[in-house]
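K.L.:
Sharing a model that was predicted from the sequence below.
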Amino acid sequence: MAISELELPSDVVAHSLPGPEQLAQALADRVAGALQYAIANHDRASLVVSGGRSPIAFLEALSVRDLPWAKVQVSLADERWVEPADPESNEGLLRRHLLQNAAADAQLVGLYQAAQTLEQAAERASEKLAGFARPIDVLVLGMGSDGHTASLFPNSPLLAKGLDENGTDFCLPMLAPVSPEQRISMTYPLLASARVQCLAIQGSAKLETLRQAMRLEPSQMPIRAFLHSPLEIYWCP
Ligand SMILES: O=C1O[C@H](COP(=O)(O)O)[C@@H](O)[C@H](O)[C@H]1O
């Protein structure tokens, strides 16, 4: 299936790249340009990226872009509730692959919080995000093959609250069907407030997930909530 065969809304821009390296470079160009624009207009910029396995090449490509990185705040769409030194930590991923080279000066606002319970940790993450520049200038989402994005997982107990467009929480506790199960996710209204919204995905299986999502409700496949303008999709086989 080609991305052009998806029944996406006509205002969703879809970029089909030949391979992972081209995708990483094209997305890094787009994100760096949008951060530069934000800095030129507001003298600062905010960037929210995703974790998981896919974004490493993009994060490394972005890390060498020539920007006044000290003016850029960086956070995560979601976090696994493990310490940053844990190999599963999304913050750890950012420290290893983005916060280096030119981007070493960026200011990281991580979501991981030590606490007695996941609920307390998510509440503390929300409080910490009060200091994060909003609206978010640039958001880069990923997507799992079950249609989750950030850590908005189908069947997670608080999913309806996380997708509520009138919700006021910045972060909520979420449960994933795979380890590490305990997650902290930015909520839909915070993520969807981003000025520039990109979704980076690779492989035909994820195109099939998107095709299904177009026919389902956000409660069944949370990525559905984002499949409208201003979303820009970056895909490669
Ligand atoms: O668990 C997660 O999964 C999604 C997709 O990850 P990938 O490994 O398929 O790239 C990711 O967007 C999210 O941030 C992450 O915590």
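P.N.:
Alright, I've got the coordinates.

K.L.:
Could you use CA atoms for every contact and neighbour count after this?
P.N.:
OK.

K.L.:
secondary structure class for Leu199?
P.N.:
strand (DSSP: H, G, I helix; E, B strand; the rest coil).

K.L.:
okay, now it: neighbour count?
P.N.:
Number of residues near Leu199 (other C-alpha atoms under 10 Å) recorded here: 22.

K.L.:
Correct me if wrong: it contacts Ser229.
P.N.:
No. Assessed by C-alpha atoms under 8 Å, Leu199 is found out of contact with Ser229, at 11.9 Å.

K.L.:
Quick check: mean pLDDT of the lengthiest helix in the chain?
P.N.:
If you go by DSSP state H, the chain has its longest helix at helix 20-42. In this model, helix 20-42 has an average pLDDT of 98.

K.L.:
after that helix comes which helix or strand?
P.N.:
Per DSSP states H and E, the first helix or strand lying C-terminal to helix 20-42 is strand 45-49.

K.L.:
Pull out the buried residues from that following strand.
P.N.:
Ala45, Ser46, Leu47, Val48, Val49 (16 or more other C-alpha atoms under 10 Å).

K.L.:
For this protein, which segments are assigned as strands?
P.N.:
Remark: strands assigned in the chain by DSSP state E are 13-16, 45-49, 72-76, 78-80, 107-108, 138-141, 171-175, 182-186, 196-202, 231-236.

K.L.:
how about the residues of this protein that lie near the ligand?
P.N.:
Within the chain, the positions near the ligand by C-alpha under 6 Å from any ligand atom are 50-54, 78-79, 141-144, 149-151.
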